[in-house]
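In: with the input below, show me the fold.
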Amino acid sequence: MGGMRFQHTSTYDAPPADVYAMLTDPAWREKVAEAQGVVSSDVTITPQGQGCRVVVDQVQNTAGLPAIAKKITGETTQAVVTEVWTSPTAGTVEILAPGKPTKGVGTVSLQADGATTKHVTDLEVTVKVPLVGGKLEQVMADNIGKGMEIEQAVGAAWLEGDR
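Out: So this is what the prediction gives:
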């Protein structure tokens, strides 16, 4: 059970400084949570060195997950996403579900690409459940990907002034 690699790249029509400002704005994080349909969300952003620590503690509805995943999660599940930006362009990310055998650990980065910025998330997703862990890792990775697609749509609108 070594885990599964998950990578997602969102591209924004803005310079890295603008994308970082968005990613570290509690109002944007709340707007993303609303768009994702979470049950509740608590966002804490703390300056730290040249970057900051972003903690998003959410209760998510598990409707739509396969029955095998719902046996572990229940009707709702808590997800705590912690991003530690060591600079405005790089950091680490950890996704935990307290009390559950799941986690995602990896890196986040912002990369200038001409007039756009690529927001790259690279994770190792692990679900420590005998026999079905690999299948559940795919479910978790798919769910993270869906959340990031919503995040990108909200981010693109935010950067165009929809706040």
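
In: list the contacts of stretch 34-44.
Out: 26, 29-30, 33, 53-61, 76, 147, 150-151, 153-154 (Cβ atoms under 8 Å, 6 or more residues apart in numbering). Any C-beta I mention is one placed from the backbone N, CA and C, and that applies to glycine too.

In: mind listing which of those are in strands?
Out: If you go by DSSP state E, these have 53-61, 76 in strands.

In: out of those residues, flag the one nearest to I95.
Out: V56 (9.5 Å; Cβ to Cβ).

In: surely that closest one touches A33?
Out: Yes - contact criterion Cβ atoms under 8 Å: V56 and A33 qualify, at 7.3 Å.

In: which strands and helices lie in contact with the longest helix seen in the chain?
Out: Longest helix in the chain, counting residues (DSSP state H): helix 133-159. When contacts are defined as 3 or more Cβ pairs under 8 Å, 6 or more residues apart in numbering; DSSP states H and E, helix 133-159 packs onto strand 4-12, helix 16-23, helix 26-36, helix 67-73, strand 102-113, strand 116-127.

In: now these in TSV, please, with extra columns for distance to P88 and mean pLDDT.
Out: What follows is the helices and strands packed on helix 133-159, written out as TSV (distance: least, Cβ to Cβ, whole Å; pLDDT from 0 to 100):
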stretch	distance to P88	mean pLDDT
strand 4-12	14	97
helix 16-23	4	97
helix 26-36	15	96
helix 67-73	34	76
strand 102-113	7	96
strand 116-127	11	97
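
In: pipe these into JSON lines and attach mean neighbour count and distance to L96 per row.
Out: Below are these laid out as JSON lines (neighbours: other Cβ atoms under 10 Å; distance: least, Cβ to Cβ, whole Å):
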{"stretch": "strand 4-12", "mean neighbour count": "17", "distance to L96": "15"}
{"stretch": "helix 16-23", "mean neighbour count": "19", "distance to L96": "19"}
{"stretch": "helix 26-36", "mean neighbour count": "17", "distance to L96": "17"}
{"stretch": "helix 67-73", "mean neighbour count": "15", "distance to L96": "13"}
{"stretch": "strand 102-113", "mean neighbour count": "18", "distance to L96": "5"}
{"stretch": "strand 116-127", "mean neighbour count": "19", "distance to L96": "11"}
